[in-house]
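Trainee: Prediction below, plus the sequence it came from.
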Amino acid sequence: MLTMNEHISTPADGGKRDFLKYILGGSLIAWASSVLYPLFAYMRPPVQTEVEVSSVKAGKLSTFDKDSGTIVRFGNKPVILIRTSTGELRSFSATCTHLDCTVQYRKDMGVIWCACHNGKYDLNGRNISGPPPRPLDEYRVVIQGDDIFISKQT
Amino acid sequence: MKTISNRLYAWIDERVQLKDLVAFMAKKYVPVHRGSIWYYFGGVSLFLFIIQVVTGILLLLYYKGSESLAFESVQFIMSKVTFGWLIRSIHSWTANLFILSALIHMFSVFFERAYRRPREITWFTGMLMLFVGLGFGFSGYLLPWNELSYFATKVGTDIAGVIPVVGKPIMIFLRGETDVTGATLSRFFGFHIAVLPGIFTVLLAVHLLLVQRQGMSQPQEFEATPAENRKTMPFFPNFLLRDLLFWLIILNILAMLAVFFPWELGRKADPFASAPAGIRPEWYFLFMFQSLKYIPARLWFIDGEIFGVLLFGTAGLLWLLVPFWDRKSSGGKRNRLITYIGLFVVVYIIIFTLLGWFL
């Protein structure tokens, strides 16, 4: 029930009120986003430009035993270098394609193995057992004299 | 002496009306039944949390949160600081006992259906505290910057990264970079000592306030017995003294664990070393870790990891929301399904934890 004091709104009134509502609501949203945007943007770490590494020296052939493997620093990524029992050199990304652990060469099994979830790759980098979903990326191995160089596949 | 304390009481009472509080405490009763022992685990968890706050602050006096200094500073605490080994071991052991105690508390609440109306908010805040507790464990594990924690963090944050759409930004947010580096350590340190304690304190305040306001939950069969047959015990001082006795026992167990089984530090993390054999996460993540090992790389049309994450995520969410879908218990009826689900989850967690431990 309406009392005498209460005002029956006319369409013109409603329009005015709506207009004020939008102005106030809009400025509230604008204000909130101008506060929140810098906060969220701050939390996202800046992308650091890394020096592009195309090739690294991985050691000397004469000191690298047959049937063994080692981890080599390639820029800021680990790379695995393996010398097979036949003396062949192979190199792959050492980052397991499953959950980012660093793999190792297992002499006893003759495979590349990840300790975290028992993932296995053959010596061509193919995922053969366990949870890894993809093969390891292969790197190129070049021998100059006695020096072993690893570079990205082009 | 007596007059001084009386006058002090009167002084405070005049300002904050202590009488009301005392009257409230005097009226508070704890139900006595065959499951009463479970009432203590909330208090035990609280006690362990207080120990973590105290020992955590003590560790902060010497700990240095950076990639090049973290491991050495913990080594310094363990070997040079007087009783440093004790404080650090107690902090590590308490972290584990806290999770254990909180799990016992949570499962007892689940099996007694204590989450039912009107205690849904107590259940939610409790579950959220358990999640924050796991966050404490995960972030604190990295702080000594050793080999095990380094790879555990790589795996843990990478798992966050497999969640569709939001996963990658979350992973980058957690790591502070695309890889686990010193930037991750800085962030985890901040989460561990500022963000998580802040959230936890708010949740704890609501949780405790509700427990006081609503009183102890009574099991359904206890509610069903006639009022004259229900046994109770005054909260103050009977229950509180028993609480304190429990806390004393826990403190002794902790001291023994810290002295006879000091927490190891391991080897410093090396981002260019292979993950060591036998690597595994803390025991409370082990059942999920072990399950991940059994899920094949591809299942039907989705990646095994995504399947695992979605599976555990959904299960956790359903568990959190149990007061909403268990309408029967809230309506005062018996719901056997809850017992079966609870037993299945407990048995699953125990079996997979043991598999992870011994395999």
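Mentor: Structure's in. What do you need? Numbering: from 1, shown residues only, chains lettered A, B, ... in the order given.

Trainee: hey, let's count contacts and neighbours off CA atoms from now on
Mentor: Fine.

Trainee: B:I51 and B:F98: what is the separation?
Mentor: According to Cα to Cα, to the nearest Å, B:I51 stands 10 Å off from B:F98.

Trainee: Can you tell me the centre-most residue of chain A?
Mentor: Centrality entry for chain A: nearest residue to the mean C-alpha point is A:D100, 8.2 Å, by Cα atoms, centre = their mean.

Trainee: pLDDT at that one, what is it?
Mentor: pLDDT for A:D100: 88.

Trainee: Phi first, then psi, for it.
Mentor: phi 80, psi 10 (degrees, to the nearest 10).

Trainee: okay but it is in contact with B:D158, surely?
Mentor: Yes. Applying Cα atoms under 8 Å, one finds A:D100 in contact with B:D158, separated by 6.6 Å.

Trainee: Settle it for me: which of B:I51 and B:F98 has more neighbours?
Mentor: Per other Cα atoms under 10 Å in any protein chain shown, whichever of B:I51 and B:F98 has more neighbours is B:F98, with 25 against 18.

Trainee: got the phi/psi numbers for the more buried one?
Mentor: Dihedral angles (degrees, to the nearest 10) for B:F98: phi -60, psi -50.

Trainee: Pull the contacting residues for it.
Mentor: Counting by Cα atoms under 8 Å, 6 or more residues apart in numbering or on different chains, B:F98 touches B:45, B:48-49.

Trainee: tell me which residues of stretch B:254-264 are tucked away?
Mentor: Buried residues in stretch B:254-264, counted by 16 or more other Cα atoms under 10 Å in any protein chain shown: B:254-255, B:257-258, B:262-263.

Trainee: I'd like to know the beta-bridge partner residues of A:R73.
Mentor: Beta bridges link A:R73 to A:P78 when assigned by DSSP bridges.

Trainee: Let me see the confidence value for it.
Mentor: 90.

Trainee: Kindly provide the distance from it to B:V155.
Mentor: Distance from A:R73 to B:V155, by Cα to Cα: 20 Å.

Trainee: between those two, which one's more packed in?
Mentor: Using other Cα under 10 Å, the more surrounded residue of A:R73 and B:V155 is B:V155, with 21 against 16.

Trainee: In which helix or strand does the more buried one reside?
Mentor: helix B:147-161 (DSSP states H and E).

Trainee: Who are the packing partners of the helix or strand following that helix?
Mentor: Next in sequence after helix B:147-161, counting helices and strands by DSSP H and E, comes helix B:167-175. Secondary-structure packing of helix B:167-175 (3 or more Cα pairs under 8 Å, 6 or more residues apart in numbering or on different chains; DSSP states H and E): helix B:147-161, helix B:182-190.

Trainee: Give the buried residues for helix B:167-175.
Mentor: For helix B:167-175, burial by neighbour count (16+ other Cα under 10 Å) applies to B:167-168, B:170-175.

Trainee: any idea which of the residues you listed is closest to B:I12?
Mentor: Sorting the buried residues of helix B:167-175 by distance to B:I12 puts B:L174 at the head of the list, at 46.4 Å, by Cα to Cα.

Trainee: residues near B:L320, how many?
Mentor: 17.

Trainee: Could I get the buried residues of helix B:167-175 in CSV, plus columns for pLDDT?
Mentor: Below are the buried residues of helix B:167-175 laid out as CSV (pLDDT from 0 to 100):
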residue, pLDDT
B:G167, 90
B:K168, 91
B:I170, 93
B:M171, 93
B:I172, 92
B:F173, 93
B:L174, 94
B:R175, 94
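
Trainee: what about B:Y29, distance to B:R213?
Mentor: B:Y29 is 12 Å from B:R213, by Cα to Cα.

Trainee: What of B:G316?
Mentor: Taking Cα to Cα, one finds B:G316 at 28 Å from B:R213.

Trainee: remind me which residues of the chain are low pLDDT?
Mentor: Chain wasn't specified; assuming chain A. A:1-13, A:154 (pLDDT under 70).

Trainee: Wait, chain B was what I had in mind.
Mentor: B:1.

Trainee: Tell me the residues of it that contact chain A?
Mentor: When proximity is defined as Cα under 8 Å from any Cα of the partner chain, chain B approaches chain A at B:151, B:154-155, B:158-159, B:172-173, B:176-177, B:271-280, B:292-298, B:303-305.

Trainee: From those, which land in strands?
Mentor: B:298, B:303 (DSSP state E).

Trainee: From the residues of chain B next to chain A, keep the buried residues only.
Mentor: Among the residues of chain B next to chain A, those buried by neighbour count (16+ other Cα under 10 Å) are B:151, B:154-155, B:158-159, B:172-173, B:176-177, B:271-276, B:280, B:292-293, B:295-297, B:303-305.

Trainee: and of the contacts of B:F98, the nearest to A:F92?
Mentor: Taking Cα to Cα as the measure, A:F92 lies nearest B:F49 of the contacts of B:F98, at 45.9 Å.

Trainee: mind listing what the closest one touches?
Mentor: B:F98.

Trainee: and if we set it to 10 Å?
Mentor: By Cα atoms under 10 Å, 6 or more residues apart in numbering or on different chains, B:F49 lies in contact with B:43, B:55, B:94-95, B:97-99, B:133, B:200.

Trainee: Kindly provide the distance from A:I143 to chain B.
Mentor: To chain B, A:I143 is 22 Å away according to Cα to the nearest Cα, to the nearest Å.

Trainee: mind checking the backbone torsions on the closest residue to A:C116 other than its chain neighbours?
Mentor: Closest residue to A:C116 apart from its sequence neighbours, by Cα to Cα, 6 or more residues apart in numbering or on different chains: B:I279 at 5.9 Å. As for B:I279, its main-chain torsions (degrees, to the nearest 10) stand at phi -70, psi 140.

Trainee: How about the contacts made by B:I279?
Mentor: A:114-117, B:147-149, B:151-152.

Trainee: at 8 Å instead, please
Mentor: A:115-116, B:148.

Trainee: Is there a quick ChimeraX command that grabs whichever of the residues you listed are buried?
Mentor: Buried residues within the contacts of B:I279, by 16+ other Cα under 10 Å, are selected in ChimeraX with:
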select /A:115,116 /B:148
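
Trainee: Much appreciated, bye for now.
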